[in-house]
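# Let me see the structure of the following:
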Amino acid sequence: MEGQMRRAAKIDRNQPEIVRALRQAGASVQPLHTVGQGCPDLLVGFAGRNMIFEIKDGVQPWSKQQLTDDERTWHACWVGDVHIIRSVKEALEVLNGT
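Numbering: from 1, shown residues only. Next up, the predicted model:
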């Protein structure tokens, strides 16, 4: 990436609210959005499990909730679970296995 400026990693509007709710529920949360290259937004630990969350803003039009090309590539190559989360409710459902 020499000679190129990397754009600041953006987060979805609802990411801070989701992180706060997960932590209040007792989860460990490690933001990953600065990794880039399609890496999902959050690594979440809860009850001895690790989960990976890709955050999308559920109030945005469907076209703006789609995975980017880099995200699609990352998701296609990842052989573990990754959850696309659009709300606090969805995040807590995944956290609690419901």
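
# Report all helices and strands that whichever strand in the chain runs longest contacts.
Using DSSP state E to assign secondary structure, the strand with the most residues in the chain is strand 49-55. Strand 49-55 sits against helix 15-24, strand 42-46, strand 83-85, helix 88-95, with contacts defined as 3 or more CB pairs under 8 Å, 6 or more residues apart in numbering; DSSP states H and E. Yep, even glycine has a C-beta here, placed from its N, CA and C like the rest.

# what's the last one packed up against?
The reference is to helix 88-95. For helix 88-95, the packing partners by 3+ CB pairs under 8 Å, 6+ apart are helix 15-24, strand 49-55, strand 83-85.

# ok, now the third one?
Helices and strands touching strand 83-85, by 3+ CB pairs under 8 Å, 6+ apart, are strand 49-55, helix 88-95.

# just the second one next, same as before
In this structure, strand 42-46 packs against helix 15-24, strand 28-31, strand 49-55, with contacts taken as 3+ CB pairs under 8 Å, 6+ apart.

# Is it possible to get TSV of these that adds mean neighbour count, mean pLDDT and distance to residue 91?
Supplementary listing: these in TSV, determined by neighbours: other CB atoms under 10 Å; pLDDT from 0 to 100; distance: least, CB to CB, whole Å:
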stretch	mean neighbour count	mean pLDDT	distance to residue 91
helix 15-24	17	97	5
strand 28-31	14	97	10
strand 49-55	19	96	7
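
# Quick check: which of these is nearest to residue 38?
Judged by CB to CB, the one of the helices and strands packed on strand 42-46 that comes nearest to residue 38 is strand 49-55, at 9.3 Å.
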